[in-house]
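In: The following block contains a protein sequence and its predicted model.
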Amino acid sequence: MKIRKLNISSYGQLIDKEINFKKGLNVVIGPNESGKSTIRSFIFNLFFGGTLPGSTRAVYTKDYDKYIPWNSNRYEGSGLIEDEKKTYHIYRNFNKGFEKFSVFDSETGRDSRDHFNIDTSRKVQAFDENYFGINESTLRDIFEITDDNQMKNRLSYDLKDRIINHFSSQSEDISIGQVIENIETKAYTKEDKKELKHLTRSLEDINRQISLSYDREDTDEILIKSMDLDREINKLKEDLEILEEDLDQSLRQRPDTESRQEERRLLLEKINTEDEIKDLEESLSSKSFLQIINFSFVLPALIFFIYFFKYKSMQLLITGLALTLILGLLRLSYGYFKSKSQEKTKAKLRILYNDLDGLIEALKIQEGSNLYIEEDSLDLIEKINNLKDTINERAIQREVFYSQVKERDRDLENLRLLDQEKKDILDKIADLNFKSQMKDTAVEIIEKLSKVKFETVSTNLIEDCSDFIKIITNNKYSKLLINEDLDLLLFDNSLQKFVYIEDLSKATIGQVYLAYRLGLIVNSGVDFPIIIDDGFSLYDMNRNEASLKLLEKLSEDYQIILFTSNTRDLILDPANINIIKLWS
């Protein structure tokens, strides 16, 4: 695969930027902060979308957020690639919620996502690892060569560690030492086992509650019975309306209207008589003014006698006796007239009692004379009462069913809560099982790796790395070797002996690292552009020239994109390289 053109519509600080590449060696030169790292990021994210490698959901990387344009609502771009002598146009919109990706044949315009094994069901579509033969992480690990700070600080150690890790686990980033340390600190502990047992018992208990908490068939049966009762009650009410209409019609046809009027007159007179009797009885039982006079008669006499004995005044004694005599006369007068009034009230009550007895008797006689009128409607009244009783009974049954349905609804809500609790427990169990499997798998890997003989390491890779080292060091070193103690050695042609990599300069170690990475690429079997970002910052002019010559040789078979800020990387014949200046 070759990249022919990039059209960066809006990505990071780059707006409407067009870059044309050639098949061989391409040198993108520009000062710091001119967009070199932005272009490198755009290339990989154009293919893979900027999501975490291997994630099935749209989980974006920090790199995605880093290059969101500040001054544009657009976040998109396209490219033209060449694959198997055909050219294809790739377009991607990176904006979350508006993600769009397309690949089509630039000649026919046909959708070509199937050609690159792109999974169209994913929200963020990407080139599939089945197409390249390796996943995105490994592809970037191999084909993206950067001059990172870690390599600058501990070059000999890091180079040795990276090469050994790759030979052992096929990835520079997976350190066997780190794996062992993680297993020791994050292994499947006794507490994890206890928690798993507790969760398993809780899951069994929840499953038992779920099996007993809700009966769908029973609920449906109750609902059906409720509906049947509703229909029956409605039918009974219709029958009741018919009977009540019949009764009303019967009552309207009742004879002897004068007799009924007389009955109502007697009843009204009886009520009035009872009210009058009640009023007279209340007047007899009320507190009389005579009681007040009795109290007034005693109190003044008592007061005057107290003052007489205190002050020995005859005038007070005479005044008290006179006032007491006056009140006594008033009491006698009021008592006489009150007694006469009560006798009249009692006499009137006796008359009213006799009148009331007569009215009651007259009403009985009148009701007896009208009895034949009720007998005509007695059958209807009995039917109506029976029907009302039946309706009430059915309504009570219906309320019982309704309460049962409400209870089932509560059971259903409880079931939902149990299902959620079950899901949470299953997630925790899955995490613990994964932790257990991770421990077992890691231990198994370590056991296997402990038996690996470095004599079985790919011979071709060692040979290619050795050839590249010979070119890049101008024949100063010619062979790379890994001994049984996992030490890295280089054969020094001038000394005619192997020397330890730790004894070399940082610049030489950097060259060995570049040779090793290029050796991985040519042995990977993957056709993808080699991307190098400021890979020669540790080199002097001679090493820089030798490294560029190696890249020029490899560019016959691979497309190489070298990002640099140093004009000395332009020492090669311009006819053999494609120079792209970012400041122009």
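Out: Nice, I can see it. Values in this document were obtained by computation on a predicted structure and should not be read as measured data.
In: what's around K506, how many residues?
Out: By the measure other Cβ atoms under 10 Å, the count of residues near K506 is 14. All C-beta spots, glycine's among them, are computed from the backbone N, C-alpha and C.
In: Angles on the backbone of it, please.
Out: When quoted as degrees, to the nearest 10, the phi and psi of K506 stand at phi -60, psi -40.
In: Repeat that for E107.
Out: Torsion angles at E107 (phi, psi; degrees, to the nearest 10) stand at phi -90, psi -50.
In: does it really touch K85, like I thought?
Out: No. In this structure, E107 is not within contact of K85 by Cβ atoms under 8 Å, at 11.2 Å.
In: These two: which has the busier surroundings?
Out: Relative neighbour count places E107 above the other of E107 and K85, with 10 against 5, counting by other Cβ under 10 Å.
In: from the chain's centre, how far out does stretch 36-47 sit?
Out: The gap between the average C-alpha position of stretch 36-47 and the chain average comes to 34 Å, counting by Cα atoms, centre = their mean, to the nearest Å.
In: What are the contacting residues of it?
Out: Stretch 36-47 has contacts (Cβ atoms under 8 Å, 6 or more residues apart in numbering) with 3, 6, 8, 11-14, 19, 28, 30, 63-64, 66-67, 77-79, 90, 92, 94, 126-127, 136, 140, 144, 529, 531, 533-534, 561, 563-565, 582.
In: as a whole number, average confidence for it?
Out: The predicted model assigns stretch 36-47 a mean pLDDT of 92.
In: For the helix or strand where I521 lies, name the packing helices and strands.
Out: Remark: I521 resides in helix 506-524, with elements defined by DSSP states H and E. Helices and strands in packing contact with helix 506-524 are listed as helix 136-143, helix 149-153, helix 155-169, helix 459-472, strand 477-482, helix 541-554; criterion 3 or more Cβ pairs under 8 Å, 6 or more residues apart in numbering; DSSP states H and E.
In: one more time with 6 Å
Out: In terms of contacts (3 or more Cβ pairs under 6 Å, 6 or more residues apart in numbering; DSSP states H and E), helix 506-524 is packed against helix 136-143, helix 155-169, helix 459-472.
In: Can you pull the phi/psi pair for the nearest residue to E244 once chain neighbours are set aside?
Out: Using Cβ to Cβ, 6 or more residues apart in numbering and skipping residues adjacent in sequence, the residue nearest E244 is I384, 6.3 Å away. Listed backbone geometry of I384 is phi -60, psi -50, with angles given as degrees, to the nearest 10.
In: Does I384 touch E245 like I think?
Out: No. I384 sits out of contact with E245 when judged by Cβ atoms under 6 Å, with a separation of 10.7 Å.
In: and those two? which has more neighbours close in?
Out: Just comparing I384 and E245: by other Cβ under 10 Å the higher neighbour count belongs to I384, 17 against 11.
In: Could I get the full set of strands for the stretch 351-500 of the chain?
Out: For the stretch 351-500 of the chain, applying DSSP state E, counting those that start in this stretch gives strands covering 477-482, 488-492, 497-500.
In: would you turn those strands into a markdown table with distance to S524 and mean pLDDT?
Out: Output for the strands of the stretch 351-500 of the chain, formatted as a markdown table (distance: least, Cβ to Cβ, whole Å; pLDDT from 0 to 100):
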| stretch | distance to S524 | mean pLDDT |
| --- | --- | --- |
| strand 477-482 | 18 | 84 |
| strand 488-492 | 21 | 87 |
| strand 497-500 | 27 | 90 |
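In: quick one: which of these is nearest D540?
Out: D540 lies closest, by Cβ to Cβ, to one member of the strands of the stretch 351-500 of the chain: strand 477-482, at 16.0 Å.
In: Work out the sheet partners of that closest one and label each with its direction, please.
Out: Strands adjacent to strand 477-482 in the sheet, as given by DSSP bridges, are strand 488-492 (antiparallel).
In: The strand it pairs with to helix 459-472, inter-axis angle?
Out: 50 degrees (axes from the mean of the first three to the mean of the last three Cα atoms, to 10 degrees).
In: can you list the residues that contact strand 488-492?
Out: The list of residues contacting strand 488-492 from outside it, by Cβ atoms under 6 Å, 6 or more residues apart in numbering, reads 160, 477-479, 481, 498-501.
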